[in-house]
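J.: The following comprises the amino acid sequence and a computationally predicted model.
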Amino acid sequence: MAALTIHAKSHDYDVLVERGVRHKVGEFIKGRYASIFIITDEAVEKYYLEDVKKSLNGIADVSTAVVPQGESSKSMRQYEHLLNSCAEAKLDRKSLIIALGGGMVGDLAGFVASTYLRGVDYMQMPTTILAHDSSVGGKVAINHPKGKNLIGCFYNPEKVIYDIETIETLSEKEIRSGYGEVVKHAMLSDDVWFNELLERDILDFSDSKLESDLTKGIQVKAAIVQQDEREMDLRRHLNLGHTLAHAIETELGYGEITHGEAVAIGLLFTLRLSESLFNVSLPVEEYLTWLQNNHYPLSIISELDTEAIVERMKWDKKTVDGSINFVLIKKIGDICVEPVPNQHLSEQLNMLKAEVSGI
Ligand SMILES: NC(=O)c1ccc[n+]([C@@H]2O[C@H](COP(=O)([O-])OP(=O)(O)OC[C@H]3O[C@@H](n4cnc5c(N)ncnc54)[C@H](O)[C@@H]3O)[C@@H](O)[C@H]2O)c1
Ligand SMILES: O=C(O)C(=O)C[C@@H](O)[C@H](O)[C@H](O)COP(=O)(O)O
Ligand SMILES: [Zn+2]
């Protein structure tokens, strides 16, 4: 069991990482709330909703809402649907919303919690590898056709209860997706962890390796969000790889590529782009080999229209006055943010497309 307390401006909250902890959720909530509203998706409902409901038996009135699985549910439509469900369930300021699922559910349910009655308490119960990232730090949002997470706010959970036993039912694609954010945290951190990760087949993880990766990822994120909760400066580092990733996700249509796979590709571009700007040598070949060995969908890059992607990148939230600010890397663990001219981004994207189509 690993536990960490995040010191946020609004309140401190604990992140508990433990196998099987979904069966004990009631213990953490007892006596605090009169009613509980669990938001989940269709796939997670099938596996874990009953366990959580059982653990809340006799603790409070429990109602549930189930949204379709997939990124397209992070939408105005599902947001409105959930607000209606909150009203129908007569939730009040002594109610708790539980987000049971991956990052899609966490972002959507968190945004509902942040706006219903101008804010009710919510708890994150992540069930994917990727959600070691999304469940911590309080960014909640839905997507807009123009860009990812364009409608949202910062709203911290009361608690994060992470039952890593739930990861056993994830598909290979979702393990790959989750490791996109794990490798991002390793790049932000140090080359010991990064190099060790590159040695590994991510489908072949042991429980202890997985727990250690997730705990380290959460620690990297926690250290940053505690210093800069609202992304005035340092928190932009957590967006490493995301300017391209979000552009790809939006261009292809939400859900056509997973967020973590897009991030993994965005990180490859970031390494190449950083080399071109700083005259440094980065472990690009090693990272590319790891991506190939683990079957990340690199060929998608060659299908993209370069100018369309550059246009999409302008919707990044770090863009100021039309200038795209990119999170760049000088060496593993040494990160900076700088404006990059559109022309240079186009050239580098074309070069990466050529490189990837040749492998
Ligand atoms: N708020 C943040 O800081 C933050 C950080 C990173 C990512 N995100 C967001 O998170 C989302 C991606 O999260 P995700 O990758 O968890 O996606 P997701 O929530 O869509 O889950 C991926 C798929 O796995 C299924 N699933 C979830 N848990 C399962 C389990 N235990 N067993 C079997 N199937 C399971 C889901 O039904 C879904 O089909 C994106 O919207 C991204 O923008 C937010
Ligand atoms: O927590 C953050 O800050 C991050 O940037 C983490 C990212 O992994 C995550 O995808 C986040 O939702 C992206 O935020 P956005 O502000 O670029 O939408
Ligand atoms: Zn992300």
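T.: Thanks, I have the structure now. Numbering: from 1, shown residues only. Ligands and ions are numbered 1, 2, ... in the order given.

J.: Distance of the residue nearest in space to the middle of the chain relative to ligand 1?
T.: The chain has S134 as the residue nearest its centroid, 3.8 Å off, counting by Cα atoms, centre = their mean. Distance, S134 to ligand 1, by Cβ to the nearest ligand atom, to the nearest Å: 3 Å. From N, CA and C alone the C-beta is placed, and that goes for glycine too.

J.: That residue and L108 touch, don't they?
T.: No. Using Cβ atoms under 8 Å, S134 is not in contact with L108, being 10.6 Å away.

J.: which residues in this structure form strands?
T.: With DSSP state E, the ranges of strands along the chain come out as 2-7, 12-17, 35-41, 61-67, 95-101, 121-126, 139-144, 147-154, 159-162, 325-331, 334-339.

J.: name the helices or strands packed onto the first one?
T.: Applying 3 or more Cβ pairs under 8 Å, 6 or more residues apart in numbering; DSSP states H and E, one finds that strand 2-7 contacts strand 12-17, helix 207-227.

J.: For the residue in the stretch 251-359 of the chain that ligand 1 sits nearest to, give me its contacts.
T.: Nearest residue of the stretch 251-359 of the chain to ligand 1: H259, at 4.1 Å (Cβ to the nearest ligand atom). Residues near H259 by Cβ atoms under 8 Å, 6 or more residues apart in numbering: 71, 103, 130, 177, 180, 245, 249.

J.: which two of these lie the greatest distance from each other?
T.: E71 and G180 (14.0 Å; Cβ to Cβ).

J.: who has more neighbours, those two?
T.: Neighbour count, other Cβ atoms under 10 Å: between E71 and G180, G180 has more, with 27 against 20.

J.: What sits closest to that one if chain neighbours are left out?
T.: G260 (3.1 Å; Cβ to Cβ, 6 or more residues apart in numbering).

J.: give me the number of residues near that neighbour?
T.: By other Cβ under 10 Å, neighbour count at G260 equals 28.

J.: Roughly how far does it sit from L252?
T.: Separation of G260 from L252 (Cβ to Cβ, to the nearest Å) stands at 14 Å.

J.: and the residue of the chain positioned farthest from its centre, what is it in contact with?
T.: Largest separation from the mean C-alpha position in the chain: G58, at 32.9 Å (Cα atoms, centre = their mean). Contacts for G58 were tallied using Cβ under 8 Å, 6+ apart; they are G26.

J.: Quick check: pLDDT value at it.
T.: pLDDT recorded at G58 is 94.
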